[in-house]
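[1] dropping a prediction and its sequence here:
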Amino acid sequence: MPTGKENPENIVQRDRVFYGRRRGRRLRAGMETLLEERLPELAVTLPAEPGAALDPASLFPDSTKEVWLEIGFGGGEHLAAQAAANPDVGFIGSEPFMNGVASLIRHCEDQALSNVRVYPDDVRDLLPLLPDGSLTRIAVLFADPWPKKRHHSRRIIQHESIAEFHRLIAPGGELRLATDDIRYLRWMLARATAHRGFRWQAQGPSDWRVRPEDWPETRYEAKAREQGRRPAFLRFDRL
Ligand SMILES: C[S@@+](CC[C@H](N)C(=O)[O-])C[C@H]1O[C@@H](n2cnc3c(N)ncnc32)[C@H](O)[C@@H]1O
């Protein structure tokens, strides 16, 4: 778990670049307390034994029908709204940025949500431990586009991650991706449609240019629109 003491934009962790900064503005005292008091019970902890799996359903009550994962939830507004709208679903959110984690916990407190768990770190450490077909939906919304060519290998959407999402999502489930960057949009589409186990749902432009009703706006999307960029919303069926 991040200690929160690191601050450089890109931290080289093990053999890879960590995507983002772990702590930005100093947290208000109330948020700091919220993290201290609530995160221990909400945090997903990885099994200590090497090679052990983590069944995401075990994190929720037996009545939970399915588990959805949101990668890089930012301020957590989309995740919290989805959790409120889908009380039978267990939600795992992954976000290494502690201000975002505190913001999600605030939303959960305000809306009295009990179906949310948090992995407050790099999702790439969590994914390999989850069993095949253990999720029903994965959302990666407005992931960092890493526009420079020499940084494209840092993009979270790669052929390998698409294959990993396919392994994790049960047949009949869904993958959701969003971006406001036209070049990243082409990159995402090329990789997701190259995988035979995913089918893009779009029949026409409005299916990806207009945000679906069951897809609450994220903070990043609002900012992108304010700045005149046009977001794209991609939904893929897991075959
Ligand atoms: C551009 S922001 C978008 C945030 C949010 N989804 C939204 O739309 O407002 C991308 C987020 O992904 C997070 N992120 C980047 N790499 C990640 C990783 N490997 N695991 C989990 N989160 C990651 C970043 O910390 C950042 O909050």
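    Received it, and whenever you're ready, just let me know what you need. Just so you know, these numbers come straight off a predicted model, no measurement behind them.

[2] all helices for the protein, in order.
    Along the chain, counting by DSSP state H, helices occupy 29-42, 77-85, 98-110, 123-126, 159-168, 182-194, 206-209, 219-226.

[3] could you export those helices as CSV, including mean neighbour count and mean pLDDT?
    For every residue, glycine as well, the C-beta is placed using N, CA and C. Output for these, formatted as CSV (neighbours: other CB atoms under 10 Å; pLDDT from 0 to 100):
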stretch, mean neighbour count, mean pLDDT
helix 29-42, 14, 92
helix 77-85, 21, 98
helix 98-110, 22, 96
helix 123-126, 17, 95
helix 159-168, 18, 98
helix 182-194, 16, 98
helix 206-209, 14, 96
helix 219-226, 15, 98
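
[4] which bits of this protein sit near the ligand?
    The chain comes close to the ligand at residues 19-20, 71-74, 94-97, 100, 122-124, 141-144, 156, 218-221, as judged by CB under 6 Å from any ligand atom.

[5] give me that answer again for 8 Å
    Applying CB under 8 Å from any ligand atom, we find that the chain lies next to the ligand at 18-21, 70-75, 77-78, 94-97, 100, 119, 121-124, 140-144, 156, 178, 218-221, 223.

[6] just the buried residues from those, in ChimeraX please.
    To isolate the buried members of the residues of the chain next to the ligand in ChimeraX, using 16 or more other CB atoms under 10 Å:
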select :18,19,20,21,70,71,72,73,74,75,77,78,94,95,96,97,100,119,121,122,123,124,140,141,142,143,144,156,178,218,219,220,221
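
[7] quick one on the thing from earlier: in TSV: the helices of the chain, plus distance to Leu54.
    What follows is those, written out as TSV (distance: least, CB to CB, whole Å):
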stretch	distance to Leu54
helix 29-42	15
helix 77-85	19
helix 98-110	19
helix 123-126	8
helix 159-168	12
helix 182-194	25
helix 206-209	33
helix 219-226	28
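
[8] of these, which is nearest Asp132?
    Smallest distance to Asp132 across the helices of the chain (CB to CB): 5.4 Å, for helix 159-168.

[9] end to end, how far does stretch 213-227 reach?
    22 Å (CA to CA, to the nearest Å).

[10] can you pull the contacts of the residue lying closest to Leu59 once chain neighbours are set aside?
    Nearest non-adjacent residue to Leu59, counting by CB to CB, 6 or more residues apart in numbering: Arg117, 5.0 Å away. The neighbours of Arg117, taking CB atoms under 8 Å, 6 or more residues apart in numbering as the test, are Leu42, Ala43, Val44, Leu59, Phe60, Gly90, Phe91, Ile92, Gly93.

[11] now list the buried members of the residues you listed.
    Of these, these count as buried by 16+ other CB under 10 Å: Leu42, Val44, Leu59, Phe60, Gly90, Phe91, Ile92, Gly93.

[12] run through the bridge partners of the fifth one.
    With beta bridges defined as DSSP bridges, Gly90 has these partners: Val67.

[13] read off the pLDDT value for it.
    For Gly90, the model assigns a pLDDT of 98.
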